[in-house]
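Engineer: give the three-dimensional model of this entry:
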Amino acid sequence: MPWSQLSPMDQKMDYLRRSLSVTELCEHYGISRKIGYKWIERYERGGPTGLAECSRRPHVCPTQTPEEVVQALTEARQRHPSWGAKKPLACVSGRHPDRAWPARPPSATLLARHGLIRKPRARRRVGHPGKPSTAMSAPNLVRCADFKGQFKTGDGLYCYPPGHL
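Structural biologist: Below is the predicted model of the structure:
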């Protein structure tokens with residue numbers, strides 16, 4: 001089958017140019033009649049601009065933080081730049097206990113999104129110590145002990161391990 005030389009917009013406008021029925025047109029383009037009727041209805045409602053691709057983003061988000069809450073948290077954080085994410089939330093929620101406030105992690109995310117909280121510096125990672133300094137050819141061949149300082153021997157004298165003086 002040859003490649004279609006028509007853009008999606010031209011394919012959608014093809015119904016207006018031809019005298020094909022909706023069923024024949026849908027069979028020609030390999031779509032269901034339900035989709036065909038959807039595009040015809042969009043054209044009748046909005047003209048050629050109604051055939052353009054629409055955004056798939058939801059119109060509303062039911063779990064979105066209300067704008068008043070966002071504004072109160074950001075204002076409290078801007079007044080006190082040394083605070084983290086916990087204190088502005090406690091301060092604002094204490095003043096308005098009747099309002100529903102988000103938990104600390106979402107409020108920290110909200111403040112970070114507005115650029116009010118810096119990311120913590122990454123810790124320096126200590127790498128692998130490397131291979132052993134002594135070659136071991138058999139089990140229990142090399143033994144070592146770690147002395148933390150001087151210790152008293154059985155005869156009452158102190159022993160000072162090398163390197164600790």
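Engineer: can I see the domain layout of this protein?
Structural biologist: Using automatic domain parsing, the domain parsing of the chain gives 8-51, 67-113.
Engineer: which stretch in those has the least confidence?
Structural biologist: Lowest mean pLDDT of the domains of the chain: domain 8-51, a mean of 77.
Engineer: so which strand or helix has the closest residue to residue 36 other than its chain neighbours?
Structural biologist: Sequence neighbours aside, residue 26 is the residue nearest to residue 36 in space, at 4.2 Å (criterion: Cβ to Cβ, 6 or more residues apart in numbering). From N, CA and C alone the C-beta is placed, and that goes for glycine too. Element membership for residue 26, per DSSP states H and E: helix 22-29.
Engineer: list the buried residues for that helix?
Structural biologist: For helix 22-29, a neighbour-count test (16 or more other Cβ atoms under 10 Å) marks 25, 26, 29 as buried.
Engineer: what do you get for stretch 39-46?
Structural biologist: For stretch 39-46, a neighbour-count test (16+ other Cβ under 10 Å) marks 39, 40, 42, 43 as buried.
Engineer: now do the SS call for the spatially most central residue of the chain.
Structural biologist: Of all residues in the chain, the one closest to the mean position by Cα atoms, centre = their mean is residue 109, 10.0 Å from it. Using DSSP: H, G, I helix; E, B strand; the rest coil, the structure places residue 109 in helix.
Engineer: contacts only, for it.
Structural biologist: The contact partners of residue 109, by Cβ atoms under 8 Å, 6 or more residues apart in numbering, come to none.
Engineer: how close does it sit to residue 65?
Structural biologist: Computed as Cβ to Cβ, to the nearest Å, the residue 109 to residue 65 distance reads 10 Å.
Engineer: ok, residue 111 next?
Structural biologist: Distance from residue 111 to residue 65, counting by Cβ to Cβ: 11 Å.
Engineer: residue 87 against residue 80, yeah?
Structural biologist: Yes - between residue 87 and residue 80 there is a contact at 7.0 Å, judged by Cβ atoms under 8 Å.
Engineer: mind listing the strands for the protein?
Structural biologist: Assigned by DSSP state E, the chain shows strands spanning 151-152, 158-159.
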